[in-house]
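Engineer: Have a look at this fold, sequence not included:
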């Protein structure tokens, strides 16, 4: 009898969970800037199970919002107009706020230039529905065959940006950080300081940094890379310097918040001592070598050994810290 009661109990739990998943309201946010040529086809490609489609006209010179209003009969479409261009991040944030106000459960963001396959939305939101993730994003680097169609400058730029994002965000398990095909649990939007997140191209990387501070689970979803005759507004060589400075800023903030203000562990000690030893070893070694060089003498063996050993120990402690940081990637959904 007890076994039957336990079985029925778990059946009820599964049924309730299934009903909740069926009632999930999913919306799609499409920031629009110079995508008038593609936008109607993008909207048509979105499956009927999507509750709302927020088309954000980011002060588009082509008046995409007005064009959609006059030529699209899809009742799910809601036009959000910006009087000032805020960038892809600002447009996405406007969509996030509207999604929360309308009671959506999951907000998917995709571009309006047709590079993203709307049929993959179900794959993107599944980990969130299953409570295995709080935020998911596309990864064009998973399939090496389709990856070869990516322009070489984008390939190199994305690889470089991915490494910088791993350091600054703390999500060592993700790649392709500039990929704008994402989905988020809208409950998480309420916890994010959305007005502080970068509004332009750094948005995708900056939100990862903010998510890490919340200990949110982020998952990569393999997608194919599509490139047609669309023109990207993102030029890697123009933004690489700006991105580098912002990544360094976020790295220091993350380490300060996670390892010294909110928590303190052996990794905090390893980082502190490692930086001191490495810095001391380099400064001591270089300054001593310069002093003896000016005198026309070789540096004493003891001085060289002291500097070398200090540098080696410092590097080892920093490697140990990075190893701890990698193992500390959030793996349990906030709303599990």
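Structural biologist: That came through, no problem. Since the structure is predicted, the reported quantities are computational estimates derived from the model, not experimental observations.

Engineer: next structured bit after the lowest-mean-pLDDT helix or strand in the chain?
Structural biologist: Within the chain, confidence by mean pLDDT, DSSP states H and E is lowest for helix 2-22 among all helices and strands, at a mean of 48. Using DSSP states H and E, the helix or strand that follows helix 2-22 in sequence is strand 26-32.

Engineer: neighbouring strands for that following strand, and are they parallel or not?
Structural biologist: Here strand 26-32 has these sheet partners by DSSP bridges: strand 52-57 (parallel), strand 106-109 (parallel).

Engineer: quick check, distance from that strand to the centre of its chain.
Structural biologist: 17 Å (C-alpha atoms, centre = their mean, to the nearest Å).

Engineer: where along the stretch 201-336 of the chain do the helices fall?
Structural biologist: Applying DSSP state H, counting those that start in this stretch to the stretch 201-336 of the chain gives helices spanning 203-213, 236-256, 266-294, 301-327.

Engineer: mind checking which of those is nearest residue 39?
Structural biologist: Comparing the helices of the stretch 201-336 of the chain by their distance to residue 39 (C-beta to C-beta), the top pick is helix 203-213, with 20.0 Å. Backbone N, C-alpha and C define where each C-beta goes, glycine included.

Engineer: who touches the closest one?
Structural biologist: Contact partners of helix 203-213, identified using C-beta atoms under 8 Å, 6 or more residues apart in numbering, comprise 87-89, 92-93, 134-135, 137, 161, 164-165, 168-171, 174, 177-180, 182, 188, 192-193, 196-198, 218, 243, 246-247, 250, 253-254, 257-258, 330.

Engineer: 6 Å - rerun?
Structural biologist: Under the criterion C-beta atoms under 6 Å, 6 or more residues apart in numbering, residues 88-89, 135, 165, 168-171, 177-178, 192, 197-198, 250, 257 lie in contact with helix 203-213.

Engineer: Tell me the buried residues in that helix?
Structural biologist: 203-213 (16 or more other C-beta atoms under 10 Å).

Engineer: what about that helix, average pLDDT?
Structural biologist: Averaged across helix 203-213, the pLDDT comes to 94.

Engineer: and it, how far out from the chain's middle?
Structural biologist: What separates the centre of helix 203-213 from the centre of its chain is 5 Å, taken as C-alpha atoms, centre = their mean.

Engineer: Save the buried residues of helix 203-213 as TSV, and put in distance to residue 320 too.
Structural biologist: Converted to TSV, the buried residues of helix 203-213 look like this (distance: C-beta to C-beta, whole Å):
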residue	distance to residue 320
203	33
204	30
205	26
206	28
207	29
208	24
209	23
210	27
211	25
212	20
213	23
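
Engineer: any weak-confidence spans in the stretch 1-150 of the chain?
Structural biologist: In the predicted model of the stretch 1-150 of the chain, residues 1-22, 144-150 satisfy pLDDT under 70.

Engineer: ranking the helices of the stretch 201-336 of the chain by burial, who's on top?
Structural biologist: Most buried of the helices of the stretch 201-336 of the chain, by mean neighbour count (mean count of other C-beta atoms under 10 Å): helix 203-213, with a mean of 23.

Engineer: Next, count neighbours for residue 59.
Structural biologist: Counted with other C-beta atoms under 10 Å, the neighbours of residue 59 add up to 17.

Engineer: switch to numbering from 30
Structural biologist: All set: I'll call the first residue 30, so the last point we hit is now residue 88.

Engineer: OK, contacts around it?
Structural biologist: When contacts are counted by C-beta under 6 Å, 6+ apart, residue 88 touches 111, 113-114.

Engineer: which stretch of helix or strand covers it?
Structural biologist: Following DSSP H and E, one finds residue 88 outside all helices and strands.

Engineer: Can you tell me the closest non-neighbouring residue to it?
Structural biologist: The shortest distance from residue 88 to any non-neighbouring residue, by C-beta to C-beta, 6 or more residues apart in numbering, is to residue 114 (4.1 Å).
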